[in-house]
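>>> Kindly generate the corresponding structure for this input.
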Amino acid sequence: MSDLIKNYIQGRADTRLEKLDKDAQKKESPEQVENLAKQRLDEAAKYGVNAWLSDAAIRAKQISFATHPPKFTHSDAKGSSVYIADSKQAWPYLCTATLQAPAIDVVGNAAALDVAGLLQLAVGGVTLANQLAQDDVSSLQPFTSDEAQLAEWLQGFKLALSVKELRSHALAKQLYFPVASDSYHLISPLFSSALAQALHERIVASRYSEDAKAVRKLKREEKFSEQITVDYLNVAVQTYGGTKPQNISLLNSGRRGQAFLLSCRPPVWDKKAKPPADKKDAFWREYSWRTRRISRVFKEYLLSIKELDSTKPRRDRRAAFVDDLIESLLQFAAEIQQLGEQEEFRCWSALSQLSKAEQLWLDPWRGQWDAAFKADYAAKDWQSDVANQFASWLNFKLMDDKLLMKDVEHKVWSKTLEEKLVRLRFDLGVGQEEIA
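Predicted structure coming up:
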């Protein structure tokens, strides 16, 4: 541990002195070079191990070790940080205490974060902070023979480890929870940086680790791999600290101010499909809902060209709108037709309020058990009735004070659908011959 401490301080010294040397190379004036040389000597003296440790012990009170820093709630919150040590207790839900080795965050003056780096130096899983918390100064003894100085270092560094006076702040979240008629508990929810760090490390590893990249490469090449790919879907990113994430905490700076948020939306349940048997117009009401957007756009288009000459591009676009509506109609009908295969919906149209033509169209499976129904279906007279109903529906959806739909339009809509129904011998693959 003592060697780690020495190398850590030396590394910081090299970084600082290297910068001064580069600045000196850019100076041409002998006076400026001399000033930088003097400054370099002063800096080198500051980074003597004994001198640096004494200064660091003084600055240690400016930082605090924490798992729940208050600045994630608001960057100007001055409340107390909270440190939750790993717990051996089994918890029934995910929280900071369930982490086996929670990452320890550091908050306070960003200029003193180098002290945190010192305290987090570890050998065999034991950090310098752990040693000092137990009044163990053996790692610092090689750097001084003065017991009084050792005591000062210990006392100074422990200020970063101790919990300061618990207090909240006006910019922190606060819940006043009554416990009696004249008293209350002040509950202050805090963001868990330790939990955010654990989630960040796991998601980053699943995306950017060498193993993850290798597995995804094999997947793209359609090759076998014993390892599996792990993906986190619908992940949101919340940022803290803006352009200065270090002002929030040390771990936040390492995460570049980003915290991943997993989706906690409730599941979206698919509506159970059922045939439109409850009302006479049940089918057309549901179809109207499904095609509400395209019918609205179609109406707006017709209004926009009402006073214009009829040209082939305009007629083609009008026909395209009608084709889209018919395709949606046939798709919706196919979904209902498939329900007849299910035991619970066998012959469902017999008890419905639908017209005879709609029953023949939407419940072709009924003919398997109803001979008369099968004969009516084979006659195919129902197709013109269905086409007329569609034409009446479309005229009603397009009707406007400025846009009158007449028999001419009705015949066009009806003929277009009827032609498609006649061409579809089995009506989207569900025909009476196939059922029989």
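
>>> quick one: contacts for the closest residue to Ser263 other than its chain neighbours?
Once its chain neighbours are removed from consideration, Ser263 has its nearest residue in Asn234; the separation is 4.0 Å (CB to CB, 6 or more residues apart in numbering). Bear in mind the C-beta positions are built from the backbone N, C-alpha and C, glycine included. Residues near Asn234 by CB atoms under 8 Å, 6 or more residues apart in numbering: 262-263, 265.

>>> Of these - the most surrounded one?
Neighbours here mean other CB atoms under 10 Å. Within the contacts of Asn234, the largest count is held by Leu262, at 11 neighbours.

>>> give me every residue that touches Gly117.
Applying CB under 8 Å, 6+ apart, one finds that Gly117 lies in contact with Tyr8.

>>> Would you mark the buried spots in the helix or strand harbouring it?
Under DSSP states H and E, the secondary-structure element containing Gly117 is helix 113-119. Of the residues in helix 113-119, those buried under the neighbour-count criterion (16 or more other CB atoms under 10 Å) are 113, 115-116, 118-119.

>>> Narrow the contacts of Asn234 to those in helices?
Using DSSP state H, the subset of the contacts of Asn234 located in helices is empty.

>>> May I see these organised as a markdown table, with pLDDT added?
Compiled in a markdown table, the contacts of Asn234 are given as follows (pLDDT from 0 to 100):
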| residue | pLDDT |
| --- | --- |
| Leu262 | 90 |
| Ser263 | 88 |
| Arg265 | 85 |
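
>>> Just the CA trace of the helix holding Gly117, in CSV.
C-alpha atoms of helix 113-119 as CSV (Å, rounded to 0.1, in the frame of the first residue of the first chain):
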residue,chain,number,x,y,z
LEU,A,113,-11.1,14.9,-5.5
ASP,A,114,-7.4,13.9,-5.7
VAL,A,115,-7.7,13.1,-2.0
ALA,A,116,-10.5,10.7,-2.8
GLY,A,117,-8.3,9.0,-5.3
LEU,A,118,-5.7,8.5,-2.6
LEU,A,119,-8.1,7.1,-0.1
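
>>> hmm, back to that, so the residue nearest to Ser263, which state does it fall into?
coil (DSSP: H, G, I helix; E, B strand; the rest coil).

>>> What separation is there between it and Leu195?
Relative to Leu195, Asn234 is positioned 19 Å away (CB to CB, to the nearest Å).

>>> Next: Leu251.
Applying CB to CB, the value for Leu251 to Leu195 is 11 Å.

>>> can you check Pro276 too?
Per CB to CB, Pro276 is found 49 Å from Leu195.

>>> Show the low-confidence segments of the protein, by residue range.
Across the chain, residues meeting the criterion (pLDDT under 70) sit at 20-21, 23-29, 32-36, 39, 43, 85-89, 163-164, 380, 424-436.

>>> rerun that using 50 as the cut-off
When the per-residue scores of the chain are filtered using pLDDT under 50, the ranges that remain are 425-436.

>>> Surely Pro70 touches Leu190?
Yes - the criterion here is CB atoms under 8 Å, and Pro70 meets it with Leu190 at 6.2 Å.
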